[in-house]
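1. Return atomic coordinates for the entry below.
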Amino acid sequence: MGNKPSRHQEQKTEKTTIFHSQVGAVYRIPALFYDRDKKIFLAFAEKRRAKDDHTAVVLVMRTGTVSNGQNSNKVIITWSDLKLVKEAHLKGHRTMNPCPVYDTTNKKLFLFFVCVKGIVSECWQRFWGCNKTRLCYITSTDAGQTWSQVTDLTDTLAEIKQWATFAVGPGHGIQAESGRLIVPVYGYASCSNSFCCIMCYCAVSHSLCLYSDDEGITWQFGNPLEKKSGECEMAEICDDKGNWSIYCNCRSADSHRVEAFSSDNGEDFGILPNGTLVETGYGCQGSVVSFPAQNEGTKIKADQSQDPKWLLFSHPTDEAERVDLGVYLNKSPYEPEKWSTPWIINKGPSAYSDLVYIGDGLFACLMERGDNSEIEQIAFSVFSYSEVEKGAGE
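-> Next comes the predicted model:
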């Protein structure tokens, strides 16, 4: 049946258009990062010549500087002009899937992405089992004002040679409490198909994580989820006994989202039974973020890093079409049946999104939306936990 939103759950949120598509310049695939020290948002997207994946050209970004209004608790954000992230580029390749992850130790932002040769499509790579995709990143220590030269990790990771193709995210990565940097990935493992011609391959995608335990100097892959799964995001949660886990939420080819947990920091994942989160049509990316349990009659410790962590998830709520973007709340993350009904934050055409937790019970979402099509613009919205709780009927 899935989560069918009711009328009282459809509430308007103020939205700011960050990237506006037009003829010859279509913006897709949002990714969001919030620098809490500098109080700056970094909003990323792909700039394409048209809507199709193979028309992607370059990554773009805008920065939003946060301030508080005079005699007001309202968050005011001043956005910069659009900037091309020219450093995120390999010659002869198109750049796709922005995925930021922040190392708090060195105050360094890693922007991961994939570079795909020419106009080779994902379908072509999957069909022929011939990988034309490379795994890259750039870094910044000044909130995206300047970037390093590109680092290409492809030849250092043996698993990539076995895949038909792959991608990161899209959306954000995380840093675990242990200090481990984690980037969500999905790879298509090639396998010969006796029902196809001799050159043909079938490729099945599985989610996994790319991680670093030495502040981004070296990287390696964890083990893939056993269940077929695609575009994914991860979040770290903690129960009331102080046990930490990595939660993974994945795009699915079935009627329900794929959810999994790792008790070893993302190296291995166990699949959870289907919960209440339904998938949309042929699938759509979704975003997940963890945040400290909110005070609901229980005293919250000053050190919120040790509080239980809850989850917030954003995704189109319709079972057939990419419409009505909603956010779902789970106060018991180990129980997939405990997701709330969705609070609709964008009525109408909606697709990919990326969530961040700002702090003090505030969240931000960067989302694909429009009046007639979900690729008309990428918009930004800030909302509070109390709004989520009210909208979800909790």
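2. And the strand ranked longest in the chain, what does it pack against?
-> When the chain is parsed with DSSP state E, its longest strand is strand 343-359. Applying 3 or more Cβ pairs under 8 Å, 6 or more residues apart in numbering; DSSP states H and E, one finds that strand 343-359 contacts strand 26-35, strand 287-292, strand 309-316, strand 323-330, strand 362-369, strand 377-384, helix 385-391. (C-beta placed from N, C-alpha, C; glycine too.)
3. Quick check: neighbours of the first one in the sheet, parallel or antiparallel?
-> According to DSSP bridges, the neighbouring strands of strand 26-35, each with its direction, are strand 40-48 (antiparallel).
4. re the thing from before, pipe the helices and strands packed on strand 343-359 into TSV and attach mean neighbour count, mean pLDDT and distance to residue 262 per row.
-> TSV is the format used below for these (neighbours: other Cβ atoms under 10 Å; pLDDT from 0 to 100; distance: least, Cβ to Cβ, whole Å):
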stretch	mean neighbour count	mean pLDDT	distance to residue 262
strand 26-35	24	98	22
strand 287-292	24	97	14
strand 309-316	25	97	14
strand 323-330	24	97	17
strand 362-369	25	97	24
strand 377-384	22	97	29
helix 385-391	18	93	26
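5. just so I know, which of those lies nearest residue 153?
-> strand 26-35 (18.3 Å; Cβ to Cβ).
6. Off-centre distance for that closest one?
-> 9 Å (Cα atoms, centre = their mean, to the nearest Å).
7. going forward can the numbers begin at 40, since that is how I track them
-> Right, with 40 as the first residue, what we last looked at is strand 65-74.
8. For it, C-alpha coordinates in PDB please.
-> This file holds the C-alpha atoms of strand 65-74, laid out as PDB (Å, rounded to 0.1, in the frame of the first residue of the first chain):
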ATOM      1  CA  VAL A  65      19.600  21.900 -17.800                       C
ATOM      2  CA  TYR A  66      20.600  21.500 -14.100                       C
ATOM      3  CA  ARG A  67      20.200  18.100 -12.400                       C
ATOM      4  CA  ILE A  68      21.500  15.900  -9.600                       C
ATOM      5  CA  PRO A  69      21.700  18.100  -6.500                       C
ATOM      6  CA  ALA A  70      24.200  17.700  -3.700                       C
ATOM      7  CA  LEU A  71      24.400  19.800  -0.500                       C
ATOM      8  CA  PHE A  72      27.000  20.500   2.100                       C
ATOM      9  CA  TYR A  73      26.800  22.800   5.200                       C
ATOM     10  CA  ASP A  74      30.000  24.100   6.800                       C
END
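9. Doesn't residue 120 lie inside a helix?
-> No - using DSSP: H, G, I helix; E, B strand; the rest coil, the assignment for residue 120 is coil, not a helix.
10. can you pull the contacts of it?
-> Taking Cβ atoms under 8 Å, 6 or more residues apart in numbering, we find residue 120 in contact with residue 101.
11. what's the pLDDT at it?
-> On pLDDT, residue 120 comes in at 97.
12. picking that back up, turn the helices and strands packed on strand 382-398 into CSV, columns for distance to residue 136.
-> Shown next, in CSV, are the helices and strands packed on strand 382-398 (distance: least, Cβ to Cβ, whole Å):
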stretch, distance to residue 136
strand 65-74, 6
strand 326-331, 14
strand 348-355, 18
strand 362-369, 20
strand 401-408, 14
strand 416-423, 14
helix 424-430, 27
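13. To residue 266, which of those lies closest?
-> Per Cβ to Cβ, nearest to residue 266 of these: strand 326-331, 17.0 Å.
14. Mind listing residues that contact that closest one?
-> 210-211, 272-276, 286, 288, 339, 343, 346-354, 372, 392-396, 402, 404, 424.
15. Compare the helices and strands packed on strand 382-398 and give me the one nearest residue 254.
-> strand 65-74 (17.4 Å).
16. Just name the shakiest helix or strand of this protein by mean pLDDT.
-> When each helix and strand of the chain is scored by mean pLDDT, DSSP states H and E, strand 220-231 comes last, with a mean of 87.
17. Go ahead and measure how far it is from the middle of the chain.
-> Per Cα atoms, centre = their mean, the centroid offset for strand 220-231 relative to its chain is 15 Å.
18. quick revisit: tell me which of the helices and strands packed on strand 382-398 lies nearest to residue 157.
-> Of those, the one closest to residue 157 (Cβ to Cβ) turns out to be strand 65-74, at 18.7 Å.
19. host element of residue 414?
-> Per DSSP states H and E: residue 414 is located in neither a helix nor a strand.
20. which residues sit in contact with it?
-> With contact set as Cβ under 8 Å, 6+ apart, residue 414 has these partners: 60, 65, 66, 67, 90, 390, 407.
21. now do residue 377
-> Here residue 377 is in contact with 314, 315, 369, 370, 371 (criterion: Cβ under 8 Å, 6+ apart).
22. Just send those residues back as CSV, with distance to residue 248 too.
-> Below are these laid out as CSV (distance: Cβ to Cβ, whole Å):
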residue, distance to residue 248
314, 21
315, 25
369, 20
370, 25
371, 23
